[in-house]
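*Asks:* the sequence and its predicted three-dimensional model are supplied below.
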Amino acid sequence: MSRAPFLVAPLDAAHDRTAFNSGSEPLDRYLREVVTQDIRRRVTACFMALAGGQRIAGYYTLASASLLLADLPATTAKKLPRYPTVPVIRMGRLAVDQAFKGQGLGGALLADALDRATRSEIAAYALMVDAKDEVVAAAFYRHHGFVALSGLPLTLFLPLATVNRVPKNGHQSL
């Protein structure tokens, strides 16, 4: 059995973010210039897929959030308590360096985020994302089982109770 080519780890100062190029300037700028401040302020957590030890192949961010119960599809909302909001985990960003595109890394990072969300000791109903566009991003999330909120086609969610967790052997590798 071969060793996985990517190791997933929280962002730290040792990671060189300057060479990361996803092809999306806002995602690249966020990683280079903003994410450290957001981590320090405790408004997000950032996880890196590292290739060859320290090269950033991709990243994603997670933060706590809430959804209005009224924004969920009626069939979903009727199964939940009648609180005004439902706790969720928001994946704020997901990006893969262009050198690693087409290798399934985006899906693997999403799976890692779902695993972290399902293992959390803090309750959350779903993982929520705001897709940047309909053609690529929203289609990617729908392919992985996410459902759009009522009237918000680019805001999608996946109930964590539906996620099949794969037992891990203690390693955080993809």
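*Replies:* Sure, I can see it.
*Asks:* going forward, measure contacts and count neighbours with C-alpha atoms only.
*Replies:* Fine.
*Asks:* so where is this protein shaky, pLDDT-wise?
*Replies:* Residue ranges of the chain with pLDDT under 70: 1-4, 164-174.
*Asks:* one more pass at 50, please.
*Replies:* 1-3, 166-171 (pLDDT under 50).
*Asks:* could you pull out the helices for it?
*Replies:* 25-29, 35-40, 74-77, 105-119, 139-143 (DSSP state H).
*Asks:* pick the most buried one from the ones you listed.
*Replies:* The highest average neighbour count among the helices of the chain, using mean count of other CA atoms under 10 Å, belongs to helix 105-119 at a mean of 19.
*Asks:* what ranges does this structure have for its strands?
*Replies:* Along the chain, counting by DSSP state E, strands occupy 6-10, 45-51, 55-68, 85-96, 126-130, 147-149, 152-159.
*Asks:* how much space between Leu50 and Ala161?
*Replies:* 29 Å (CA to CA, to the nearest Å).
*Asks:* of the two, who's got more company?
*Replies:* Leu50 (21 against 11; other CA atoms under 10 Å).
*Asks:* hey, what's the more buried one bridged with?
*Replies:* Taking DSSP bridges as the rule, Leu50 bridges to Leu7, Ile56.
*Asks:* give the contact list for it.
*Replies:* Applying CA atoms under 8 Å, 6 or more residues apart in numbering to Leu50 gives the contacts Phe6, Leu7, Val8, Ala9, Ile56, Ala57, Gly58.
*Asks:* which one of the strands of the chain lies nearest to Arg17?
*Replies:* Arg17 sits nearest to strand 55-68 of all the strands of the chain, at 7.0 Å, using CA to CA.
*Asks:* which residues make contact with the closest one from outside it?
*Replies:* Here strand 55-68 makes contact (CA under 8 Å, 6+ apart) with 6, 15-17, 20, 43-51, 84-97, 99-100, 105-106, 109, 113.
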